[in-house]
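[1] Pasting the sequence and the predicted model now:
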Amino acid sequence: MIRVGEEQLELEDGPKAGRLRDFSTLLAQRLRAAPGKSAEPARLAVRMADTGYLLDLSATGEIVALPEISPVPWTRSWFRGLANVRGRLLGVIDLMHFAGQAPMTPEESLQLVVLGESLKINAAIIVTRAFGLRNLKDLQPLGDVSDPSRPWERERFRDADATTLIELDLRRLVATEQFLSIGI
């Protein structure tokens, strides 16, 4: 059971009990419908390899275990291929490799964060794990990221556990020419 504001959130009993998708969908609905408080800038905290990132919840969909990925010939190496997530074909992106770093290893590639429908793109990014929500007002700002080759990286923060997190602008990411050009 989880408390959201003054309401309690419980998973269903039966065959759906414990399913991450059902839980995350129900939680997202409750958070959107929560009365009273103005929306606070919460972000989903994820780890890709050994780097922490913050993702705007309005630009993300669900988090799923890494499904089988079918490679697509004649595409860039950071485009891992296509995955079927509940009947929806998604392009799978290794964002670390896309940003010019080494590709994530199989041991680091454990989950997918499906990009939200508001982005109007059927894609998901590989993450090592999602590790919670962070409210921007509770984080210590460390300054803007000033790398012109990665305009989707906005600002660095430090959380209470001394973890450095980089805020990603997924809208800016999916609008870049490089992201939209997967073919070689």
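    The structure has been received and is ready for your questions.
[2] Pull the contacting residues for the residue positioned nearest the centre of the chain.
    Centrality entry for the chain: nearest residue to the mean C-alpha point is V113, 4.2 Å, by CA atoms, centre = their mean. By CB atoms under 8 Å, 6 or more residues apart in numbering, the residues touching V113 are L44, V46, L55, T60, G61, I63, A124, I125, V127, A130. Where C-beta positions appear, they are placed from N, C-alpha and C, glycine not excepted.
[3] Just those: which are in strands?
    In strands, defined here by DSSP state E, the members of those are L44, V46, L55, T60, G61, I63, A124, I125, V127, A130.
[4] what about the first one, neighbour count?
    This points to L44. Neighbourhood size, L44 [other CB atoms under 10 Å]: 20.
[5] Okay, helices next: where are they in the chain?
    Secondary structure of the chain (DSSP state H): helices located at 20-33, 95-98, 170-175, 177-180.
[6] Please identify the deepest-packed of those.
    Scoring the helices of the chain by mean neighbour count under mean count of other CB atoms under 10 Å gives helix 95-98 as the most buried, with a mean of 21.
[7] picking that back up, and which of the contacts of V113 is nearest to T25?
    Among those, G61 lies closest to T25 (CB to CB), at 9.4 Å.
[8] isn't that closest one right up against L115?
    Yes. Counting by CB atoms under 8 Å, L115 is a contact partner of G61 at 6.3 Å.
[9] if we can go back for a sec, TSV for the contacts of V113, including pLDDT and distance to S149?
    Formatted as TSV, the contacts of V113 follow (pLDDT from 0 to 100; distance: CB to CB, whole Å):
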residue	pLDDT	distance to S149
L44	95	24
V46	96	21
L55	96	20
T60	94	23
G61	92	27
I63	94	27
A124	97	23
I125	97	18
V127	97	21
A130	93	26
